[in-house]
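Chemist: predicted model and sequence below, questions to follow.
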Amino acid sequence: MPDSSLIDAARDFNRFYTNFLGVLNKAYLDSPFTLTDARVLFEIGSHDGISAVALVRDLHLDPAYLSRILKRFRSDGLIETKADPADLRSQIITITGKGGEQLQELGRRSNVQIAERFDALALGEPQSVVKAMQTIRSLLDPGVKPSPPVIRAHRPGDIGWIVQSQGKAYAEEYGWDMRFEGLVAEVAGKFLAGFDPAMEYCWIAERNGINVGSILVTNGGDGVAKLRLLYVDEAARGLGLGKTLVDECIRFARTKDYHQISLWTNEVLHAARSIYVKAGFRLVSEERHRMFGPEENGQTWVLDL
């Protein structure tokens, strides 16, 4: 169950956006239509004939309610209907010339309304609004195929994100205290302060412009590369990102002539350990500790290259 504050925030946004769209207004965009009327007319105008059954399914409308809207549209000369040859109980609906003109006028008014809202924003803010809308749809609309993750090098701000995201995630999932966030900050800070691009690298996994994963390779000396800070956000798990990031580390270490990769993890991190085992890492030592609050079993794994 999500945190109640998240649910409250979502409900608050729904109320705001309902008012923003004028959903509760009887006259949508100062027209004789409600928002539902306009949505139905748009769907009809977007198809070269659509059945009433499809409208009910796609718009999640009560059949009787839709029937009343269609009856009114037909009376006003906005649509034409004929029997559906595939289902005599349904109808095929097409928009008329008059209906098309009305649809165009609604589109024009909607464009003006949005343009007025965007004109009141600062430079770059309309793009931020649209990006946020795209993010909401990509996450909540089951009909939208998620964009594939992109693996890229780190940029300014990414290392700070690694510290923040891992500190928060491990506190919530495993009850680790802020000493773990301090350790992540120490590792990340040393990486930035002494970054050697010839022998070290940081990969960021990004989806729809949002960071969802990370991993580092640092130079441990004596031909040993250290794999550090593997992380995949909860929203991106199950996509194989963890394996992809580890594979990138192994490939990089081989091209830089490291003879071994070493990493430290904890037994409780089952998904990560599974990736390491499948990649050929072997366990060389382990020790109990309370470095972050709860008792854990720390483990060191190596991969000979």
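Modeler: Great, that's in hand.
Chemist: could I get the CA-only coordinates of the helix or strand of the chain with the lowest mean pLDDT as PDB?
Modeler: Every helix and strand of the chain was ranked by mean pLDDT, DSSP states H and E. The lowest is strand 87-95, at a mean of 82. The C-alpha coordinates for strand 87-95 follow below in PDB (Å, rounded to 0.1, in the frame of the first residue of the first chain):
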ATOM      1  CA  ASP A  87     -23.300  -7.000 -34.700                       C
ATOM      2  CA  LEU A  88     -26.900  -6.000 -35.600                       C
ATOM      3  CA  ARG A  89     -27.400  -5.000 -31.900                       C
ATOM      4  CA  SER A  90     -24.800  -2.200 -32.400                       C
ATOM      5  CA  GLN A  91     -24.400   0.800 -34.800                       C
ATOM      6  CA  ILE A  92     -21.600   2.200 -36.900                       C
ATOM      7  CA  ILE A  93     -21.300   5.900 -36.300                       C
ATOM      8  CA  THR A  94     -19.700   8.500 -38.500                       C
ATOM      9  CA  ILE A  95     -19.300  12.200 -38.200                       C
END
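Chemist: in terms of secondary structure, what does that strand contact?
Modeler: If you count contacts as 3 or more CB pairs under 8 Å, 6 or more residues apart in numbering; DSSP states H and E, strand 87-95 packs onto helix 35-45, strand 50-51, helix 52-59, strand 79-84. Bear in mind the C-beta positions are built from the backbone N, C-alpha and C, glycine included.
Chemist: need the strands for this protein, in chain order.
Modeler: For the chain, the strands defined by DSSP state E cover 50-51, 79-84, 87-95, 150-153, 201-207, 210-219, 224-232, 260-266, 282-289, 296-304.
Chemist: lowest mean pLDDT across those, which one is that?
Modeler: For the strands of the chain, mean pLDDT drops lowest on strand 87-95, to a mean of 82.
Chemist: neighbouring strands - and their directions - for that one?
Modeler: Using DSSP bridges, the strands paired with strand 87-95 are strand 50-51 (antiparallel), strand 79-84 (antiparallel).
Chemist: deepest in the core, which of these is it.
Modeler: strand 50-51 (a mean of 18; mean count of other CB atoms under 10 Å).
Chemist: in the protein, where's the longest helix?
Modeler: helix 97-119 (DSSP state H).
Chemist: ok so, going back, which of the strands of the chain sits closest to Arg15?
Modeler: strand 210-219 (25.3 Å; CB to CB).
Chemist: dump that closest one to CSV, restricted to CA.
Modeler: Output of strand 210-219 as CSV, limited to C-alpha atoms (Å, rounded to 0.1, in the frame of the first residue of the first chain):
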residue,chain,number,x,y,z
ILE,A,210,14.4,9.9,-15.5
ASN,A,211,17.3,8.2,-13.8
VAL,A,212,16.4,4.6,-12.8
GLY,A,213,19.8,2.9,-12.3
SER,A,214,23.5,3.2,-11.8
ILE,A,215,26.8,1.5,-11.3
LEU,A,216,30.5,2.5,-11.0
VAL,A,217,33.9,1.0,-11.7
THR,A,218,36.8,2.4,-9.7
ASN,A,219,40.5,1.6,-9.8
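Chemist: tell me the angle it makes with strand 224-232.
Modeler: Here strand 210-219 points in a direction 170 degrees away from that of strand 224-232 (axes from the mean of the first three to the mean of the last three CA atoms, to 10 degrees).
Chemist: quick one: strand 210-219 to chain centroid distance?
Modeler: The chain centroid and the centroid of strand 210-219 are separated by 18 Å under CA atoms, centre = their mean, to the nearest Å.
Chemist: partners of that strand in the sheet?
Modeler: strand 201-207 (antiparallel), strand 224-232 (antiparallel).
Chemist: quick one, which of those strands gets closest to Thr218.
Modeler: Nearest of the strands paired with strand 210-219 (CB to CB): strand 224-232, 4.7 Å.
Chemist: domain parsing for this structure?
Modeler: 4-140, 150-304 (the TED database).
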